[in-house]
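1. what follows is a predicted structure for the sequence shown.
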Amino acid sequence: MSAAEVDAFVASQRTVICATNGRDDFPHLMPLWYVVRAGELWAWTFAKSQKVRNLERAARATLQVASGDAYSELRGVMLKTDVTIHRDTDRVQALGLELFARYEGEPTEQRREMVRAQAPKRVALQFTERSRASWDHRKLAPEAR
């Protein structure tokens, strides 16, 4: 995919799979909701989660956004990233509200209160791209699909 196609694809999808390096040397894979800010993916998660512990040891992650059911429909992007963990509660709260706005529409007062209550327990993850690979099987010749 071209850079513009990757940007449009990532903006249109809803879930990213985040792979971190587990303490046992096995990849730790978890789905996350995300937003795109200035070309970077951002997500929030619980500060005590395994992925955060993994990122505290090694601040790198591989992200995958993919779609398609049939082989001929498969497309996606894999991003190798450096990760910054943001712990500032105001920043985390703002990201939480941005996430819910993206996925559920403008947050209700009840949702805003939930985000305010959750922010001290969570962190914001900023994924800064190092490299990428993308694929789009819809572009393959029919005999290759």
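-> Ah, there it is. Numbers count the residues shown, from 1 in each chain.
2. now stretch 45-57: buried residues?
-> By neighbour count with 16 or more other Cβ atoms under 10 Å, stretch 45-57 contains the buried residues 45, 51-52, 54-55. In short, each C-beta sits where N, CA and C put it, glycine included.
3. same question for stretch 12-24.
-> 16-21.
4. same check on stretch 76-91?
-> Result for stretch 76-91 [16+ other Cβ under 10 Å]: buried residues 76-79, 81, 83, 91.
5. in the protein, where is pLDDT below threshold?
-> 144-145 (pLDDT under 70).
6. buried ones in the longest helix seen in it?
-> Scanning the chain for the longest helix, with DSSP state H as the assignment, gives helix 89-104. Buried residues in helix 89-104, counting neighbours by 16+ other Cβ under 10 Å, are found at 91-93, 95-100.
7. cool, and stretch 134-145?
-> 134, 136.
8. which residues are contacting it?
-> For stretch 134-145, contacts defined as Cβ atoms under 8 Å, 6 or more residues apart in numbering pick out 1, 5-6, 9, 68, 71-78.
9. again, only this time at 7 Å
-> 1, 6, 68, 71-77 (Cβ atoms under 7 Å, 6 or more residues apart in numbering).
10. make a markdown table from these and add secondary structure and distance to residue 129 to it.
-> Formatted as a markdown table, the contacts of stretch 134-145 follow (DSSP: H, G, I helix; E, B strand; the rest coil; distance: Cβ to Cβ, whole Å):
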| residue | secondary structure | distance to residue 129 |
| --- | --- | --- |
| 1 | coil | 14 |
| 6 | helix | 10 |
| 68 | coil | 22 |
| 71 | helix | 27 |
| 72 | helix | 28 |
| 73 | helix | 25 |
| 74 | coil | 21 |
| 75 | strand | 18 |
| 76 | strand | 15 |
| 77 | strand | 10 |
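11. what's the farthest-apart pair in the buried residues of stretch 45-57?
-> The most widely separated members of the buried residues of stretch 45-57, counting by Cβ to Cβ, are 45 and 54 (11.2 Å).
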